[in-house]
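Engineer: from the sequence below, what's the structure:
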Amino acid sequence: MSDSKTLSGKSWSGKSWAGEGRSRASLEGWGSGLLGVIIFSGSLPATRVAVAGFSPLFLTSARAAIAALLGAALLALLRQPWPQRKDLVSLTIVALGVVIGFPLLTALALQHITSAHSIVFIGLLPLSTAVFGVLRGGERPKPLFWLFSCIGSATVGAFALSGDGSASLTGDLLMVAAIIVCGLGYAEGAALSRRLGGWQVISWALVLSVPVVLVMTIMTLPPSWQGIGAPAWLGLAYVSIFSMLVGFVFWYRGLALGGIASVGQLQLLQPFFGLALAGLLLHEQVRWSMIAATMLVVACVVFARRFA
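Structural biologist: From the prediction side, this is the model:
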């Protein structure tokens, strides 16, 4: 007897069913990954709005504290096992890079530059992650990897020095530092997620940071809550719930279903989504120089990844 099955007049073999299952999982992965990228794209515009009402230190600590409570509840609800002692160093690096470093440095930067200007630097984030992945993994990429890495970095440097009307040396340097620490945190988290799982890594990193961020939150409380408008509160809520936790859940789910190499390319769309949100929601001027610089940086990242 044939091992194929008939459904609606068509013959389906076991391989056909398996192929359809993989195709569906890949499609779901792309959809989940794309949603994660869109969520992350709103982080800088939301931060820009939030720092109008809160200090960068309070915003950084408060968003981490809120996300940590949600992450702890999620870990407890799903009965996730505790990380091993050897994972604490990696989780600390993730917490310093993603939970505290990147949010604080971008919040400080956005006091000096617009979110549209800062988003050009986000184009270097995949490259920063790849470089730290290479350094941490001991791999030896081809010389063309370093060539395109240098071209991408030089593009951002030239953009920062071009004086597009929203430039600030302080803001630009803070964004460069933010990209470096975030790339380190992403690379460390990616390696650790192979053992703990993607969303579990960010959740445990948030929980690990609780003692520090709670003290920071109390010490940096606003002297008065009056005068803090609804947009600032909405910005705080967005970066706390979506940027720090929900986005990672969708992003890591997409990577797991669709494949890291495939779905990971969606991250290249984040700067363009961010520019669109900055223009539509904040009515910031998106100059052609921003779009051109972002496109060149993304092209460099694509080629750099190919030769990594």
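Engineer: secondary structure class for Ile228?
Structural biologist: The local conformation at Ile228, judged by DSSP: H, G, I helix; E, B strand; the rest coil, is coil.
Engineer: I should have written Ala52 there, sorry.
Structural biologist: Taken by three-state DSSP, the conformation at Ala52 corresponds to coil.
Engineer: burial measure for the residue nearest to it when sequence neighbours are not counted, as a count.
Structural biologist: Nearest non-adjacent residue to Ala52, counting by CB to CB, 6 or more residues apart in numbering: Ala232, 5.6 Å away. (Each C-beta comes from the backbone N, C-alpha and C, glycine too.) Summarising burial for Ala232: neighbours were counted as other CB atoms under 10 Å, giving 18.
Engineer: who touches Ala232 in this structure?
Structural biologist: With CB atoms under 8 Å, 6 or more residues apart in numbering as the criterion, the residues that contact Ala232 are 49-50, 52-54.
Engineer: ok, now Ala72?
Structural biologist: Here Ala72 is in contact with 203, 206-207, 210 (criterion: CB under 8 Å, 6+ apart).
Engineer: cool, Val246 as well?
Structural biologist: For Val246, the residues meeting the contact criterion (CB under 8 Å, 6+ apart) are Ile39.
Engineer: mind listing what the residue sitting nearest the centre point of the chain touches?
Structural biologist: Averaging the C-alpha coordinates of the chain gives a centre point, and the residue nearest to it by CA atoms, centre = their mean is Phe40 (5.6 Å). The neighbourhood of Phe40, defined by CB under 8 Å, 6+ apart, consists of 243, 247, 251, 270.
Engineer: adding secondary structure, write the residues you listed out as a markdown table.
Structural biologist: Below are those laid out as a markdown table (three-state DSSP):
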| residue | secondary structure |
| --- | --- |
| Ser243 | helix |
| Gly247 | helix |
| Trp251 | helix |
| Gln270 | helix |
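Engineer: among those, which one sits closest to Lys86?
Structural biologist: Trp251 (25.1 Å; CB to CB).
Engineer: in this structure that closest one contacts Ile202, no?
Structural biologist: No - using CB atoms under 8 Å, Trp251 and Ile202 do not qualify as a contacting pair, with a distance of 9.5 Å.
Engineer: of these two, who's got more company?
Structural biologist: Ile202 (28 against 25).
Engineer: tell me the helix or strand right after the helix or strand Gly189 falls within.
Structural biologist: When elements are assigned from DSSP states H and E, Gly189 belongs to helix 169-196. Following the chain from helix 169-196 toward its C-terminal end, the next helix or strand by DSSP H and E is helix 198-208.
Engineer: quick one: mean pLDDT for the very next helix or strand once past that next one?
Structural biologist: Counting by DSSP H and E, the next helix or strand C-terminal to helix 198-208 is helix 210-219. For helix 210-219, the per-residue pLDDT values average out at 93.
Engineer: stretch 59-66 now?
Structural biologist: The predicted confidence, averaged over stretch 59-66, sits at 94.
Engineer: for Phe242, what are phi and psi?
Structural biologist: Listed backbone geometry of Phe242 is phi -90, psi -50, with angles given as degrees, to the nearest 10.
Engineer: which residue packs closest to it, ignoring adjacent ones?
Structural biologist: The shortest distance from Phe242 to any non-neighbouring residue, by CB to CB, 6+ apart, is to Ile39 (5.0 Å).
Engineer: gap between stretch 146-153 and the chain center?
Structural biologist: The gap between where stretch 146-153 is centred and where its chain is centred comes out at 21 Å by CA atoms, centre = their mean, to the nearest Å.
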